[in-house]
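> Structural data only, the sequence is not supplied:
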């Protein structure tokens, strides 16, 4: 499964003073970074690792949300 097919959002967190990247299909995953692009890339890498682990352990992989 390609991690780039999921639904990502990057926004500024005043509380943390950094950008926070989140992914709709994996609500427990997020990534903080002072650089917006690095926040996105960090989360993409984390999702890729999660997908690899889930595949190896036989867990159900979330289906990417379809855009309208």
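Received, thanks. Predicted model, so just to flag it, every value in this text is computed and none were measured.
> switch to C-alpha atoms for all contacts and neighbour counts from now on
Fine.
> Residue 30: what's it in contact with?
The contact partners of residue 30, by C-alpha atoms under 8 Å, 6 or more residues apart in numbering, come to 20-23, 43.
> Where neighbours are concerned, which of these has the most?
If you count neighbours using other C-alpha atoms under 10 Å, the busiest of the contacts of residue 30 is residue 21, which has 25 neighbours.
> returning to that earlier point: pick out the most distant pair among the contacts of residue 30.
Spatially, the most separated pair among these is 20 and 23, at 10.3 Å (C-alpha to C-alpha).
> Going along the chain, name the strands of the protein.
Taking DSSP state E, the strands of the chain run over residues 8-13, 18-23, 30-33.
> In TSV, list those strands along with mean pLDDT and distance to residue 66.
Compiled in TSV, these are given as follows (pLDDT from 0 to 100; distance: least, C-alpha to C-alpha, whole Å):
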stretch	mean pLDDT	distance to residue 66
strand 8-13	97	13
strand 18-23	98	14
strand 30-33	98	21
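> out of those, which comes closest to residue 51?
Comparing the strands of the chain by their distance to residue 51 (C-alpha to C-alpha), the top pick is strand 18-23, with 13.0 Å.
> Which secondary structure elements does that closest one sit against?
With contacts defined as 3 or more C-alpha pairs under 8 Å, 6 or more residues apart in numbering; DSSP states H and E, the secondary structure elements packing on strand 18-23 are strand 8-13, strand 30-33, helix 36-57.
> so how far is that strand off the chain centroid?
Strand 18-23 sits 8 Å away from the centroid of its parent chain (C-alpha atoms, centre = their mean, to the nearest Å).
> just stretch 21-28 next, same as before
Relative to the mean C-alpha coordinate of its chain, stretch 21-28 is positioned 5 Å out (C-alpha atoms, centre = their mean).
> Tell me the spacing between residue 44 and residue 57.
20 Å (C-alpha to C-alpha, to the nearest Å).
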